[in-house]
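S.K.: Predicted model and sequence follow; I will ask about them next.
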Amino acid sequence: MDDQTRRELSRGHTIDITTTGRHTGKDRRIEIVFFNFGGRLYISGMPRADRKRAWLLNLETDPKLTLHLKGAHAVDLPATARIISDDEERRAVLALVARAWKRDDLDDMVRFSPLIEVTVDELAA
């Protein structure tokens, strides 16, 4: 991995991710924000009680995804997701997300926000 890619991953920002559709097997690409807390990459979202996000359901079926860095340093990075379901871990990570987003509804976030940790395959090797 080149130095510019490492720099891009060292701070959270808007990216795209591609997951594999759980029913269709087709690529599904969305825009989303990632965070880097202590060198670990996370993706979350706003709390929604009405339904689970399609991208999260896709990752439950197949944890492989692609991170698409955008802008001047556009690169596609194969990665693997780990869905975070443990309440204690969720609360710890989502407290950081809430702080970054200036939110004060941590309990709702812990109950209803999607949360994954992402490992870039190249860094795991």
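M.R.: Structure received.

S.K.: for the protein, which helix is longest?
M.R.: Using DSSP state H, we find that the single longest helix of the chain is helix 87-101.

S.K.: That one: which residues count as buried?
M.R.: Using 16 or more other CB atoms under 10 Å as the test for burial, helix 87-101 gives 90, 93, 94, 97, 98. For glycine as for every other residue, the C-beta is placed from the backbone atoms N, C-alpha and C.

S.K.: ok, then the element right after it?
M.R.: Once the chain leaves helix 87-101, the next helix or strand it forms, by DSSP states H and E, is helix 106-112.

S.K.: list the helices and strands that next one packs on?
M.R.: Identification of packing neighbours for helix 106-112 by 3 or more CB pairs under 8 Å, 6 or more residues apart in numbering; DSSP states H and E yields helix 87-101.

S.K.: And the helix it packs on, what does it pack against?
M.R.: On a contact count with 3+ CB pairs under 8 Å, 6+ apart, helix 87-101 meets strand 27-37, strand 40-44, helix 106-112, strand 115-120.

S.K.: Distance check, the residue nearest the centre of the chain against residue 8.
M.R.: What sits nearest the mean C-alpha location of the chain, by CA atoms, centre = their mean, is residue 43, with 2.2 Å. Residue 43 sits 15 Å away from residue 8, going by CB to CB, to the nearest Å.

S.K.: Kindly reformat the buried residues of helix 87-101 as TSV containing pLDDT and distance to residue 22.
M.R.: As requested, the buried residues of helix 87-101 are exported to TSV (pLDDT from 0 to 100; distance: CB to CB, whole Å):
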residue	pLDDT	distance to residue 22
90	98	22
93	98	24
94	98	24
97	97	25
98	96	29
